[in-house]
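Colleague: Sharing a model prediction with you, sequence too.
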Amino acid sequence: MSSSVVAITRPLTAVILAAGQGTRMRSALPKVLHTIGGKPLVRHVIDTALAVHAGRPILVHGHGSELLRQALADIDMQWAEQREQLGTGHAVMQTLSLLPADGDVIVLYGDVPMLTAATLQRMQEAARSADLVLLTVELEDPTGYGRIVRDAAGGIAGIVEHKDASAAQRAIREINTGIMLASARRLRAWLPQLRNDNSQREYYLTDIVALAANEGLRVAAVHPANPCEVMGVNDRVQLAELERYYQQREARRLMTQGVTLRDPARFDLRGSLDCGRDIIIDVNVVIEGHVTLGDNVVIGPNTVLRDSRIGAGTVVQPNCVIDQAEVGANAIIGPFARIRPETRLADDVHIGNFVEVKKSTIAQGSKVNHLSYIGDTEIGTGVNVGAGTITCNYDGANKHRTIIEDDVHIGSDTQLVAPVRIGRGATVGAGTTVFKDVAPGKLVINRKEQREIDGWQRPVKKK
């Protein structure tokens, strides 16, 4: 979807057909709610329509209506129900009471998600000199698709569905995608004339092409830049194929913006990514939700970033998960670190291997480098947390906070039983369980006495 689409002054309404069950998906979820790039198929279509300034799209719904309404509740849309599945023409008929009195109408499909705004804009431009605009494409194997029938002068005379086509017509490679644009006034006149006298007993929307030709009106064809734009999803194989196409397209877009992807084929964007300059992203990185990367960020392999912001110069080592968190500049994260929601890491923070941080703030220059859990905690500047440290923040019913002030050193294998405060400059000895506040500058230890027992023998297994 292009953000540089120029608005066409003629008003446009998008009719999106999304009433089918999608039985070949073998799923309880409506087909159009399956995702590509982490976004439902129908949402891709709606976003593209909105990108060309189509006001209040009309969604034709049927199977799974309640799930559709829940998934699209945040969009200002119009809803038209198709109770019986009697063809594409019948589906558009259900919108007659919602169509505007003037302007153009474009018919889209909720299971054709890769159409670009640039292609729709070209259809709008073609409508300035044509009465009906079709989106067509030539395929090596057009089996199953309606064929574009042209007259002796090369003009479009009609569309014949594959099931109804003769042998000569089936040899035609130019096919109808089903996507078309016409004025609302003409569409209102054509829809009541559709008949279902065909082998499927369905009302074909494509029959309006013949109606337009019989009236001597001009029918124009526009072709997409890539045939994948008009590929539909009928089963999970096609869903996976379009997922790969989408990811390759997004990878190319990011690389043209200056992002280094070590292997574009092993990168997944399931949301949106805002990047600074000189970003390096290694293999098998998954981006979910909205992620922002500052200049010179390096993301190591096998990492998941979700709804997070990473500051300039930060290095995320391999095998990390950063989820709904903010990381400052020049930080080092990982390897094998998990940064959980509501975590705020300042500049120059180090989070090392097998460290989990949850709902905590860690101030500039502090380090938690090894095998530790930090939860519901506020850590000041210049703090060093030793290996194996655990904040005991949950008492079985409620969460409690731990506060570690500036310049504190926490020894290895320490338990901090919240609520507790460690004063500025204090030191906690290794192996200590802290369950009372520690005064600034103090050393706290509570180790047990070490003894050696003579004559002790290690137990052995019975033979």
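Modeller: Noted; the coordinates are in hand. Computed from a predicted structure; not experimentally measured.

Colleague: doesn't Gly289 fall inside a helix?
Modeller: No - counting by DSSP: H, G, I helix; E, B strand; the rest coil, Gly289 is not found in a helix; it is strand.

Colleague: so who does it touch?
Modeller: Contacts of Gly289 were listed using CB atoms under 8 Å, 6 or more residues apart in numbering, and they are 38, 270-272, 306-307, 324. All C-beta atoms are positioned from the backbone trio N, CA, C, and that covers glycine.

Colleague: And it, how far from Ser199?
Modeller: From Gly289 over to Ser199 the distance is 47 Å, taken as CB to CB, to the nearest Å.

Colleague: ditto for Gly300
Modeller: Counting by CB to CB, the gap from Gly300 to Ser199 is 58 Å.

Colleague: Derive a PyMOL selection command for the buried subset of the contacts of Gly289.
Modeller: Restricted to buried positions by 16 or more other CB atoms under 10 Å, the PyMOL selection for the contacts of Gly289 reads:
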select buried, resi 38+270+271+306+307
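
Colleague: among the contacts of Gly289, which are in strands?
Modeller: 270-272, 306 (DSSP state E).

Colleague: Could you dump the residues you listed into CSV with pLDDT and distance to Asn398 added?
Modeller: As requested, the ones in strands among the contacts of Gly289 are arranged in CSV below (pLDDT from 0 to 100; distance: CB to CB, whole Å):
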residue, pLDDT, distance to Asn398
Arg270, 97, 35
Gly271, 96, 33
Ser272, 96, 36
Arg306, 98, 27
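
Colleague: Which two of those have the greatest separation?
Modeller: Across the ones in strands among the contacts of Gly289, no pair lies farther apart than Ser272 and Arg306, at 11.8 Å, counting by CB to CB.

Colleague: Between these two, which contacts overlap?
Modeller: Joint contacts of Ser272 and Arg306 (CB under 8 Å, 6+ apart) are 289, 291.

Colleague: correct me, but Ala318 touches Val304?
Modeller: That one is not Ala; residue 318 is Pro. No - applying CB atoms under 8 Å, one finds Pro318 not in contact with Val304, separated by 11.6 Å.

Colleague: would you list every one of the helices in the stretch 1-150 of the chain?
Modeller: Using DSSP state H, counting those that start in this stretch, the helices of the stretch 1-150 of the chain run over 41-51, 65-71, 88-93, 117-126.

Colleague: Which strands and helices lie in contact with the shortest one?
Modeller: The reference is to helix 88-93. strand 12-18 (3 or more CB pairs under 8 Å, 6 or more residues apart in numbering; DSSP states H and E).

Colleague: Give the partner strands of the strand it packs on in its sheet and their orientations.
Modeller: strand 58-61 (parallel), strand 104-109 (parallel) (DSSP bridges).

Colleague: Excluding residues flanking it in the chain, which one is nearest Ile445?
Modeller: Gly429 (3.6 Å; CB to CB, 6 or more residues apart in numbering).

Colleague: What about the one you found, how many residues nearby?
Modeller: If you count neighbours by other CB atoms under 10 Å, Gly429 ends up with 18.

Colleague: Go through the contacts of Gly289 and say which is closest to Val160.
Modeller: Nearest to Val160 among the contacts of Gly289, with distances taken as CB to CB, is Gly38, at 38.5 Å.

Colleague: how about the nearest residue to that closest one, chain neighbours excluded?
Modeller: Arg270 (2.8 Å).

Colleague: Quick check: beta-bridge partners of that neighbour?
Modeller: Beta-bridge partners of Arg270, as defined by DSSP bridges: Glu288.

Colleague: quick one: Ile404 from Ile410, how far?
Modeller: The value you get for Ile404 to Ile410, if CB to CB is used, is 7 Å.

Colleague: Which residues are in contact with each of the two?
Modeller: 383, 385, 416, 422.

Colleague: which of those sit farthest apart?
Modeller: Val383 and Leu416, at 12.0 Å, using CB to CB across the shared contacts of Ile404 and Ile410.

Colleague: where does this protein have low pLDDT?
Modeller: The chain contains residues with pLDDT under 70 at 1-9.

Colleague: tell me the domain boundaries of it?
Modeller: Annotated domains of the chain cover 12-230, 249-444 [automatic domain parsing].

Colleague: possible to save the ones you listed as JSON lines with distance to Gln457?
Modeller: Shown next, in JSON lines, are the domains of the chain (distance: least, CB to CB, whole Å):
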{"stretch": "domain 12-230", "distance to Gln457": "61"}
{"stretch": "domain 249-444", "distance to Gln457": "27"}
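
Colleague: hang on, the earlier thing: more neighbours: which of Ile404 and Ile410?
Modeller: Neighbour totals were compared for Ile404 and Ile410, and Ile404 leads with 30 against 25 (other CB under 10 Å).

Colleague: Pretty sure Asp164 sits against Glu202.
Modeller: No - using CB under 8 Å, Asp164 makes no contact with Glu202, being 10.6 Å away.

Colleague: So for the two, which residues contact both of them?
Modeller: By CB under 8 Å, 6+ apart, no residue touches both Asp164 and Glu202.

Colleague: ok, the two, which is more surrounded?
Modeller: Glu202 (18 against 13).

Colleague: what's near enough to touch the more buried one?
Modeller: Counting by CB under 8 Å, 6+ apart, Glu202 has contacts 86-90, 196.

Colleague: Using neighbour counts, trim those to the buried set.
Modeller: When the contacts of Glu202 are checked for burial by 16+ other CB under 10 Å, the buried set is 87-90.

Colleague: For stretch 296-305, measure first residue to last.
Modeller: End-to-end distance for stretch 296-305: 16 Å, by CA to CA, to the nearest Å.

Colleague: again but with stretch 418-437, I slipped
Modeller: Stretch 418-437: ends 10 Å apart by CA to CA.

Colleague: Buried residues in that stretch, which are they?
Modeller: In stretch 418-437, the ones that count as buried by 16+ other CB under 10 Å are 418-424, 426-429, 431-432, 434.

Colleague: cool, stretch 150-162 as well?
Modeller: 156-161.
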